[in-house]
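Chemist: Below: sequence and its predicted model.
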Amino acid sequence: MPTLPEEPKTIVNPERGIGLKDIVSSDRSTPVKKYGQLKVVGSKILSECGKPVQLAGMSLFWHQWSGKEFWNTNALGWLRDDWKIQYIRAPIGIELEDGYLEDPKTAETIIDNAIKAAIDKGLYIIVDWHANDMHLDLARDFFGRISKEYGSYPNIIYELFNEPSGRTPKDLDETWPQLKQYSEELIATIREHDPDNLIIVPTPFWDQLVDQVAKDPITVDSKGAPVKNIAYSLHFYAREHGEELRKRADIALAKGLPIWVTQCGRVGINFSSPRFENANLPDIKSWNVWQKWMDDNSISYCKWSLGTKDETSSSLYPTANPNGYWTNTDLTPEGIWNRNHFRERYSKGWSPGCD
């Protein structure tokens, strides 16, 4: 059972906004204090002082479903202090029920509170447009507002499109030329307000065809301005993906393409099966190969997910306190593994910072 820190003085309700003027980082040794303004040089992510950085974090669950109660300052503080994560990913669900298309006001309230919580706790946050289809005009409005309001904070990382879909690598719903044009438009929108923070660009077929992208990477935005601080998304699930996908990624890295694994897991892609069915168990051997590959290439990664849905990849049971303070009875088997994983990596030392 973890040792509980001092009880927070303020309990923040995720349904109630907090003002940026009231935000003061509560710890001088936070990840953002340690690494500062992230930047891309070649195929590497560097800290503000030019040292290679590999960040490890957790993805929250879709904003509109079970797990949205953890999108608050206290839960993020617990993840930073107890789990030792360095960033969170905040997926704003777009198409499905109660998503952004149906209720943009609620979605924007939730993401605003998550961003403010990350700033307060000194965590990086990937603002994830969690879509499987293109919605360029809506995405432009969303990222335009986010970059205008929060782009001055080095905490912010933009993920333009979650998992472009397809039936096979040759039968794609969104091809790389289409995704490239879409991304160039959104990069220009973001750069109107935020010239520096990282932007993560989608890759075709569920963020897997990074080798295709490396043949024709983005060099300018839709206004013809040269791009900088751009990385490309790779997703994997250890039980489903192996050597073939790593070969694609190796080709991309050899061509100088910077990669960020914005979603990964030890399980396969067979979600929604209840835990008692044992239908989607972790593949430990495959995960260890992937972990070594990410470590060898200094690639940042984000584990899925901090949710309560009854599936193997979820970290928490529905009884978990929305504000953190979780014991082993609150954590699923994968949640226990996740916590131990981040704490072990912390004990061995994160990437060197600028302090």
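Modeler: Arrived safely, thanks for sending.

Chemist: Tell me who's in contact with the residue nearest the centre of the chain.
Modeler: The residue lying closest to the centre of the chain (C-alpha atoms, centre = their mean) is residue 89, at 3.2 Å. Counting by C-beta atoms under 8 Å, 6 or more residues apart in numbering, residue 89 touches 57-60, 125-126, 128, 159, 262-263, 302. In short, each C-beta sits where N, CA and C put it, glycine included.

Chemist: switch the cut-off to 6 Å
Modeler: 59, 126, 128, 302 (C-beta atoms under 6 Å, 6 or more residues apart in numbering).

Chemist: nearest to residue 179, of the residues you listed?
Modeler: For residue 179, the nearest member of these is residue 128. The distance, counting by C-beta to C-beta, is 15.6 Å.

Chemist: Now do the same for the closest residue to residue 175 other than its chain neighbours: its pLDDT.
Modeler: The shortest distance from residue 175 to any residue other than its chain neighbours is 6.2 Å, reached at residue 204 (C-beta to C-beta, 6 or more residues apart in numbering). Model confidence at residue 204, given as pLDDT, is 98.

Chemist: Was I right to think residue 204 contacts residue 172?
Modeler: Yes. Shown here, residue 204 and residue 172 form a contact pair, counting by C-beta atoms under 6 Å, at 5.3 Å.

Chemist: So residue 354, which state does it fall into?
Modeler: Secondary structure, DSSP: H, G, I helix; E, B strand; the rest coil: residue 354 is coil.

Chemist: So the residue nearest to the centre of the chain lies in a helix, does it not?
Modeler: No. Assessed with three-state DSSP, residue 89 is strand; it does not lie in a helix.

Chemist: State the distance from it to residue 126.
Modeler: Distance of residue 89 to residue 126, given as C-beta to C-beta, to the nearest Å: 4 Å.

Chemist: From the rest of the structure, what touches stretch 77-84?
Modeler: In contact with stretch 77-84 (C-beta under 6 Å, 6+ apart) are residues 2, 5, 85, 121, 123, 324, 339, 342-343, 346.

Chemist: is the residue nearest to the centre of the chain in a bridge, and if so with what?
Modeler: Following DSSP bridges, residue 89 is listed with bridge partners residue 59, residue 126.

Chemist: Return the per-residue confidence for it.
Modeler: So, for residue 89, pLDDT stands at 98.

Chemist: about what we covered before: between which two of the contacts of stretch 77-84 is the distance greatest?
Modeler: 2 and 123 (18.6 Å).

Chemist: Compare the two and say which one has the larger neighbour count.
Modeler: residue 123 (24 against 16; other C-beta atoms under 10 Å).

Chemist: tell me the contacts of the more buried one?
Modeler: Neighbouring residues of residue 123 by C-beta under 6 Å, 6+ apart: 31, 80, 87-88.

Chemist: Which elements pack onto the longest helix along the chain?
Modeler: The helix spanning the most residues in the chain, taking DSSP state H as the definition, is helix 104-121. If contacts are counted by 3 or more C-beta pairs under 6 Å, 6 or more residues apart in numbering; DSSP states H and E, helix 104-121 sits against helix 73-78, strand 87-93.

Chemist: To residue 279, which of the ones you listed lies closest?
Modeler: Proximity of the helices and strands packed on helix 104-121 to residue 279 was assessed by C-beta to C-beta; the nearest stretch is strand 87-93, lying at 23.1 Å.

Chemist: quick one: the helices in the stretch 151-300 of the chain?
Modeler: Ranges of helices in the stretch 151-300 of the chain, per DSSP state H, counting those that start in this stretch, are 176-191, 204-207, 210-214, 243-254, 284-296.

Chemist: picking that back up, is it possible to get a markdown table of the helices and strands packed on helix 104-121 that adds distance to residue 208?
Modeler: Formatted as a markdown table, those follow (distance: least, C-beta to C-beta, whole Å):
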| stretch | distance to residue 208 |
| --- | --- |
| helix 73-78 | 29 |
| strand 87-93 | 18 |
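
Chemist: For residue 251, which non-adjacent residue is spatially closest?
Modeler: Spatially, and ignoring its direct neighbours in sequence, residue 251 is nearest to residue 211 (4.3 Å; C-beta to C-beta, 6+ apart).

Chemist: how near is the one you found to residue 164?
Modeler: Note on residue 211: its distance to residue 164, by C-beta to C-beta, is 15 Å.

Chemist: More neighbours: which of these two?
Modeler: residue 164 (26 against 19).

Chemist: on that earlier part again, if you count surrounding residues, which of residue 204 and residue 172 has more?
Modeler: Ranked by neighbour count (other C-beta under 10 Å), residue 204 and residue 172 place residue 204 first, with 24 against 19.

Chemist: All set, thanks.
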